[in-house]
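Engineer: Build me a structure from this.
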Amino acid sequence: MVVTEKKICSEEIYNGHIIHVYKDEVALGDKKAIREVVRHQGAAAILAIDEHGEAFFVEQFRYPVDKALFEVPAGKIDPGETPLECAKRELTEECGVLAKEWTELGPMLSSPGFCDEAIYLFIARGLSMAKPNPDEDEFLDIIKIPLTEAYRRLIDGKIPDAKTQILILRGMEYIK
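Structural biologist: A predicted model of the protein is given here:
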């Protein structure tokens with residue numbers, strides 16, 4: 001049986017540039033509980049696959065995990081921007097790639113036990129090149145490899161990033 005939780009009250013703990021943190025009291029039937037919740041504006045992530053089955057990835061240092069990660073291009077949705085607009089902007093900014101065909105795969109929830117972040121997943125095809133224009137605080141390497149090689153890296157445990165794992169697995173159906 002699923003018990004719906006109803007918010008009784010909420011206290012803002014932190015109001016940041018990327019996240020907002022709340023401490024909520026909720027009712028669970030006749031019981032009460034505390035929920036710490038991270039609110040996030042959402043993001044888009046893209047697997048761009050060319051006509052040869054090669055895909056674009058980026059490698060960048062991620063401070064929270066203290067290492068460089070191999071990832072699909074992705075970024076935060078700006079206020080007033082749709083997930084597709086964000087995906088198009090991020091693919092061009094990070095990789096210098098434009099796409100004619102876009103397939104939305106729907107959102108993934110990064111960690112719904114404490115966070116409402118939804119990352120909208122896209123496959124991009126019909127690629128052409130433009131000039132990358134990363135944010136001034138973004139330092140990344142662009143990597144173009146066969147999607148089958150990326151899949152092998154995933155199977156070998158070398159890709160810990162969830163959005164990248166999902167898009168590689170979903171993208172395999174586009175190269176058959």
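Engineer: show me what contacts the residue nearest to residue 33 when sequence neighbours are not counted?
Structural biologist: Excluding its sequence neighbours, the residue lying closest to residue 33 (CB to CB, 6 or more residues apart in numbering) is residue 26, at 5.5 Å. Placement of C-beta: from N, CA and C, glycine included. By CB atoms under 8 Å, 6 or more residues apart in numbering, residue 26 lies in contact with 5-8, 32-35.
Engineer: what mean pLDDT would you report for whichever strand or helix holds residue 86?
Structural biologist: Here residue 86 sits within helix 83-95, counting by DSSP states H and E. The average pLDDT within helix 83-95 is 97.
Engineer: Next secondary structure element downstream of it?
Structural biologist: On the C-terminal side of helix 83-95, the closest following helix or strand by DSSP H and E is strand 97-109.
Engineer: Run through who's touching that next one.
Structural biologist: Outside strand 97-109, the residues touching it (CB under 8 Å, 6+ apart) are 42, 48, 56, 73, 83-84, 87-88, 91-92, 115-130, 162-163, 166-167, 170.
Engineer: Kindly recompute the last result at 7 Å.
Structural biologist: 48, 56, 84, 91-92, 118-130, 163, 166, 170 (CB atoms under 7 Å, 6 or more residues apart in numbering).
Engineer: Let's see which of these end up in strands.
Structural biologist: Of the positions in these, 48, 56, 118-129 sit in strands, assigned by DSSP state E.
Engineer: Mind checking which of those are buried?
Structural biologist: Buried subset of those (neighbour count, 16 or more other CB atoms under 10 Å): 48, 56, 118-124, 127.
Engineer: Pull the most distant pair out of these.
Structural biologist: Using CB to CB, the two most remote members of these are 118 and 127, lying 25.4 Å apart.
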